[in-house]
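[1] here's my sequence, what's the structure:
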Amino acid sequence: MDAVLLHRSRGVTALELLFVVAVLALLASLAAPSFASLQRAAALSAAANQLVWSLQQARSSAILQGVPTTLCLSADAVSCVGSRNADARGWLVFQQQPGRAAGDIDAATPRLRNVRLPTRVTVNGSRAAVTYWPAARAGTTSTFDLCVSGTSVGRSVVISQTGRPRVATEAVACNR
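    Model prediction:
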């Protein structure tokens, strides 16, 4: 008699297994939109943090090396974008070569940093390039907007008159 009871309690029926799988599928379908939103927010945060770090690197490089250092937006990871509102897929940080205009870069120019943004993330700015000078003097303000394609909310990185970058607390309206 005990052997019969042990045999019955060993497994689950197909109906019970089907019910558990249905409940798990329902929970997964409810969590998927929240997970996608979380991924977009994480991509924006990572891109904003990389941009702030790159700007700080350019600023400190200019002061330590005594050479003007530029961060410019780039669509192809090779050259700088031509206009200030052009969508870029990343940016370049490089030391300015003597006799060249700000943002003027060629294949021989050594790069300090080359950043490609994650898929669907773009950046544009109020200026296509920001140059930091060796002397500690006032510079030009700028704002870079980071957006995820297909969404309406993004992040901004604001550069103050003194060259200090920060991530803005207010959300950016991305209309792309």
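[2] need the per-residue pLDDT for residue 57.
    Looking at residue 57, its pLDDT reads 93.
[3] name the SS class of it, please.
    Under DSSP: H, G, I helix; E, B strand; the rest coil, residue 57 falls in the helix class.
[4] how many residues are close by it?
    16 (other C-beta atoms under 10 Å). For the C-beta atoms, the positions are set from N, CA and C on the backbone; glycine is no exception.
[5] quick check: the gap between it and residue 26.
    Here residue 57 is placed at a distance of 47 Å from residue 26 (C-beta to C-beta, to the nearest Å).
[6] what's the answer for residue 77, then?
    From residue 77 to residue 26 the distance is 43 Å (C-beta to C-beta).
[7] by contact count, what packs against the strand or helix carrying residue 28?
    With elements delineated by DSSP states H and E, residue 28 resides in helix 14-65, which encompasses its position. Helices and strands touching helix 14-65, as assessed by 3 or more C-beta pairs under 8 Å, 6 or more residues apart in numbering; DSSP states H and E, comprise strand 69-74, strand 90-95, strand 111-116, strand 121-125, strand 129-132, strand 142-148, strand 153-159, strand 165-167.
[8] save these as TSV, and put in mean neighbour count and distance to residue 63 too.
    Shown next, in TSV, are the helices and strands packed on helix 14-65 (neighbours: other C-beta atoms under 10 Å; distance: least, C-beta to C-beta, whole Å):
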stretch	mean neighbour count	distance to residue 63
strand 69-74	26	9
strand 90-95	23	12
strand 111-116	15	13
strand 121-125	23	22
strand 129-132	23	8
strand 142-148	22	18
strand 153-159	21	15
strand 165-167	16	15
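[9] Serialize those to TSV and add fields for mean pLDDT and distance to residue 47.
    As requested, those are exported to TSV (pLDDT from 0 to 100; distance: least, C-beta to C-beta, whole Å):
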stretch	mean pLDDT	distance to residue 47
strand 69-74	91	12
strand 90-95	92	9
strand 111-116	90	9
strand 121-125	91	5
strand 129-132	90	16
strand 142-148	91	5
strand 153-159	89	7
strand 165-167	93	10
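[10] and the ones you listed: which comes nearest residue 22?
    Distance to residue 22, taken as C-beta to C-beta, is lowest for strand 142-148 among these, at 33.0 Å.
[11] give me the contacts around the closest one.
    40, 43-44, 47-48, 51, 73, 117, 120-127, 130, 154-159, 168, 172, 174, 176 (C-beta atoms under 8 Å, 6 or more residues apart in numbering).
[12] now do the contacts for the spatially most central residue of the chain.
    In the chain, the residue lying closest to the centroid (C-alpha atoms, centre = their mean) is residue 47, at 1.6 Å. The neighbourhood of residue 47, defined by C-beta under 8 Å, 6+ apart, consists of 117-118, 121, 123, 146, 155.
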